[in-house]
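J.: output the structure for:
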Amino acid sequence: MSSSIPQQPPPKPVRIAPWRGPLHFLLLVVSAVISLALQFSYLLLVIGLFVWMCWQVCQITGSMAKTGILQWRIIPEFLKFGFMGVTWVLMLRPLRPRPKHAKVAIQITAATQPQLFELIHMLCWHLRAVPPAQVWLDTTISVRSSMFGGLYGILTGQTMLHVGLPVVSVITARELAGLLAHELSHNAGGIGTIFVHAVREMNAWFFRAVMERDEWEMKMREAPKKESEWRKMGRKIMRGWIWAAKIPFMVFALASRMTSAVTLWLITRSAERTGANVIGREMYERMRRKLSLLGSAWKSAEQEIQRGVIQHRLPENLSLLMARHVAAEAKTKASARAEAGELEKEEPKADGSRPRGEAIVAYLSHLQPAASVMRQFVDLSRQVTYFYYQHDLGLNLHEHRMVADEEVIHQNRREEEALLVIRRYFGGLAHPERAMCGLGSTPAGSTSRAELQRTIQHVREEIVVWGPQFKVALQEWNQAWQRRRDLEAAATLSLAGFTVSRMQFGTEDASPPSLRAEAARQRMVMEHMEGPLQERERVLESRFAAALGMLWWSDKSELNPWLRKRREELPAWVSIYEAMCGALPSFRELLTTFFAFQTLGAKFANTDDPSAFLTALQSVVPKMLNLVRQIMSTMDGAPYPFAEDGKTKSLNQHMLPAPLPEMPGVSMTSLDAASMRAIGLKMASQASECIAPYVDAFLSLYHRSFAWLAESAERVETHFMGSLSLGSATEILLPDEFTTQRLGMKSKSPDSIAAWKPPTA
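T.: The predicted structure is shown next:
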């Protein structure tokens, strides 16, 4: 929210729109008349073609009445008119009523958004323009004004304004004022406003009529799995026929664009100068660079949504999700330009003159986000996002979990090399966060290669039989763990005073006890499934151990150079893997608690009750520290043999070089709100500085060691026994797994910690 009250407008309006002379008005009128004339010309062409066809049919029927009906020369005439009739019907398609594609939007009023409407009306007063009749918020990546009712609304003169919430999330309040001035300047021409929108709307209508496709036409582009050659040829001919029928309309659309090119350029240039007159040329160019990144951000968001549909976990706020993509891409580009020494060259130079309309937006701070001009921006963006899923994408929200951007999986774990190796060797039957060690015994009866090969072959044959059923059981265990993580995070948020929907979790209410009780039930489900899972994992481990045993007990002359090098490093990697496997159950508990901690940290900037937030922190931070101590005690004495200095150090020293911090005792009765907020931020940053790198280091090293051993076992089996084929019934497991965010800890400032940086609004 702005800290200052908007200033009263000056006694006289400031002229921020450039002067438009009679030549500009004449160009508008001529362009609008030509565009309208081209539409009527095409309509007359279609009508004339229909009249000519009717006259030709009358001539043919008259000839048939004189010479007789059954004449061979009549057949080509019928075929010709049949072809022309179908072509004529296809030519009618651009002329049918074709409204704009309905986008999900929410209408706002001056009562619900007084600051935004005050800014719009102030700009309209200075522009001497009629304010828009309606203002809508949607999920598009633009701010645009149009006539109310499209082409039919040109006669009324009323306009409407559509504001894309992703745009609001990436610019500042002053830049929003410049962008609004840019769009509202189209309404500042008096009677010329009608012609401005007429030219824009008619050219947009031409383009839309040419490019849009019906659903049945889009299906023609999709080739069936089994399609005969003649049917394939028929599809191509029909698609070519449709395009050929549109060629006359394309000619008229191109003519309209060419005749309106100068007018459209003048309209755009005038709007840009208006925006620059309000906020300055330098700030206006910076805003345009931000908006240019929204296209790629939208594509990235679409990929997140597609993965979310598969995982039944959808981002709850598209605007903030795209804002983070824009921020990341802008930072990358700025770093690249700085390294190339082009940053100063690309930055626009200020000419020293102040913008003509600077006083209009002087009450808006340069660093104030545009979202602060709107009431409850986050809730509005979330609501529009839900509507987008339901109406634009046709998704049933009851089948999906709405998660914050911080909870969405940012990395596609199927692309991580270590996890690909693990899945490939075990055929998707080994969960990356479950231990494949300690369930069975190392082969001790016989270390001969023949015995080990029989063990491997026996397990290979068994996997084909029970592999698909085991995969389903492993997925159910993973889903129970995922649901437990969600419930623990929701309980922590509820304890901090945030609103949590009970419908997403199926609990009686959204109180912390109810959510934690449901999380305990999911933990019980995981514990009940441990026995059946370990029974089959024991079999998988026997094959794993036998393959590594073949590597260790085989003669060096029987191994290739790659395997001989692996054999030298085998003891070191086995010691790391065995030590970390013993601590894996405690580490899974740490992952669950850390997930709730991250989710809570993402909401820090929006908290209203510091005491509740501090209480929620105290429920997770001490638990995380105790779990880290428990994991370290389990791995006490385990060495890490790959230190950079060549000296062997402990595994605990490698993953946690600094000691764990001591959390301060807090008395709620003796602290005010500001002190509680400061203590909460300090506690969160201290915990994040040590826990986040530890979680990241543990997962990275564990997956690396697991993959190293799995790849070694795979290459040994291939070397001595050939490759394994599990059949089509057993495929790679793609569970909805948890991935920790890789947090940058180079700076000690809390603002540099990704998990605790206030979200960019």
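
J.: what separates Leu660 from Tyr702, distance-wise?
T.: 20 Å (CB to CB, to the nearest Å). Any C-beta I mention is one placed from the backbone N, CA and C, and that applies to glycine too.

J.: likewise for Tyr386?
T.: 38 Å.

J.: over to Glu183?
T.: 53 Å.

J.: quick revisit: more crowded one of Tyr386 and Tyr702?
T.: Tyr702 (22 against 18; other CB atoms under 10 Å).

J.: confidence score at Lys647?
T.: In this prediction, Lys647 carries a pLDDT score of 73.

J.: part of a strand, is it?
T.: No - per DSSP: H, G, I helix; E, B strand; the rest coil, Lys647 lies outside any strand segment and is coil.

J.: check the burial of it by counting its neighbours.
T.: 7.

J.: equivalent analysis for Gln469, please.
T.: Other residues close to Gln469 by other CB under 10 Å number 13.

J.: and the pLDDT for it?
T.: pLDDT at Gln469 comes out at 89.

J.: now Asn478
T.: 89.

J.: before we move on, what about Ala572?
T.: 90.

J.: find the helix or strand that it is a member of.
T.: According to DSSP states H and E, Ala572 maps onto helix 561-582.

J.: strands along the stretch 201-350 of the chain, start to end?
T.: 313-315 (DSSP state E, counting those that start in this stretch).

J.: element containing His121?
T.: helix 114-127.

J.: list the contacts for Tyr386?
T.: Tyr386 sits next to Glu316, Leu397, Met402 when contact means CB atoms under 8 Å, 6 or more residues apart in numbering.

J.: report the helix or strand with the lowest average pLDDT across the protein.
T.: helix 343-346 (a mean of 46; mean pLDDT, DSSP states H and E).

J.: dump the residue contacts of Pro114.
T.: Pro114 neighbours (CB under 8 Å, 6+ apart): Arg375.

J.: that one and Ser169, how far apart?
T.: Distance from Pro114 to Ser169, by CB to CB: 20 Å.

J.: likewise for Leu179?
T.: Counting by CB to CB, the gap from Leu179 to Ser169 is 13 Å.

J.: the two: which is more packed in?
T.: Ranked by neighbour count (other CB under 10 Å), Leu179 and Ser169 place Ser169 first, with 28 against 25.

J.: off-centre distance for the host helix or strand of the more buried one?
T.: For Ser169, the element it lies in under DSSP H and E is helix 165-170. In this view, helix 165-170 has its centroid 14 Å away from the chain centroid, taken as CA atoms, centre = their mean, to the nearest Å.

J.: Gly308 contacts Leu321, correct?
T.: No - with contact defined as CB atoms under 8 Å, Gly308 does not reach Leu321; the gap is 10.4 Å.

J.: who has more neighbours out of the two?
T.: Leu321 (24 against 21).

J.: low pLDDT regions in the stretch 251-400 of the chain?
T.: 339-353, 398-399 (pLDDT under 70).

J.: what are the ranges of the helices in it?
T.: Along the stretch 251-400 of the chain, counting by DSSP state H, counting those that start in this stretch, helices occupy 261-279, 281-292, 294-311, 318-340, 343-346, 377-387.

J.: which one of these lies nearest to Asn478?
T.: Ranking those by their distance to Asn478 (criterion: CB to CB) puts helix 294-311 first, at 11.1 Å.

J.: tell me the contacts of Thr109?
T.: Residues in contact with Thr109 (CB under 8 Å, 6+ apart) are Phe117, Val135.

J.: report the central residue of the chain.
T.: Ala301 (2.2 Å; CA atoms, centre = their mean).

J.: that one is in contact with Ala323, isn't it?
T.: No - taking CB under 8 Å as the definition, Ala301 is not a contact partner of Ala323, at 10.2 Å.

J.: any idea of the mean pLDDT in the helix or strand just after the helix holding His121?
T.: Remark: after helix 114-127, the chain's next helix or strand is strand 134-138, criterion DSSP H and E. Across strand 134-138, pLDDT averages out at 88.

J.: now do the helix holding Ala572: which elements does it pack against?
T.: helix 512-553, helix 651-655, helix 673-721 (3 or more CB pairs under 8 Å, 6 or more residues apart in numbering; DSSP states H and E).

J.: packing partners for the longest one?
T.: This points to helix 673-721. Contacts defined by 3+ CB pairs under 8 Å, 6+ apart place helix 673-721 against helix 417-426, helix 449-495, helix 512-553, helix 561-582, helix 584-602, helix 610-634, helix 651-655.

J.: buried residues, the helix holding His121. List them.
T.: Gln115, Leu116, Phe117, Leu119, Ile120, Met122, Leu123, Cys124, His126, Leu127 (16 or more other CB atoms under 10 Å).

J.: how far away from the center of its chain is that helix?
T.: 33 Å.

J.: what about dumping the CA coordinates of that helix to PDB?
T.: Taking Å, rounded to 0.1, in the frame of the first residue of the first chain, the C-alpha atoms of helix 114-127 are listed here in PDB:
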ATOM      1  CA  PRO A 114     -10.400   2.900  -5.300                       C
ATOM      2  CA  GLN A 115      -6.700   3.600  -5.800                       C
ATOM      3  CA  LEU A 116      -6.600   2.000  -9.200                       C
ATOM      4  CA  PHE A 117      -9.700   3.900 -10.300                       C
ATOM      5  CA  GLU A 118      -8.400   7.100  -8.900                       C
ATOM      6  CA  LEU A 119      -5.300   6.700 -11.000                       C
ATOM      7  CA  ILE A 120      -7.300   5.900 -14.100                       C
ATOM      8  CA  HIS A 121      -9.700   8.900 -13.700                       C
ATOM      9  CA  MET A 122      -6.800  11.200 -12.900                       C
ATOM     10  CA  LEU A 123      -5.000  10.200 -16.100                       C
ATOM     11  CA  CYS A 124      -8.300  10.500 -18.100                       C
ATOM     12  CA  TRP A 125      -8.800  14.000 -16.700                       C
ATOM     13  CA  HIS A 126      -5.400  15.100 -17.900                       C
ATOM     14  CA  LEU A 127      -5.900  13.400 -21.200                       C
END
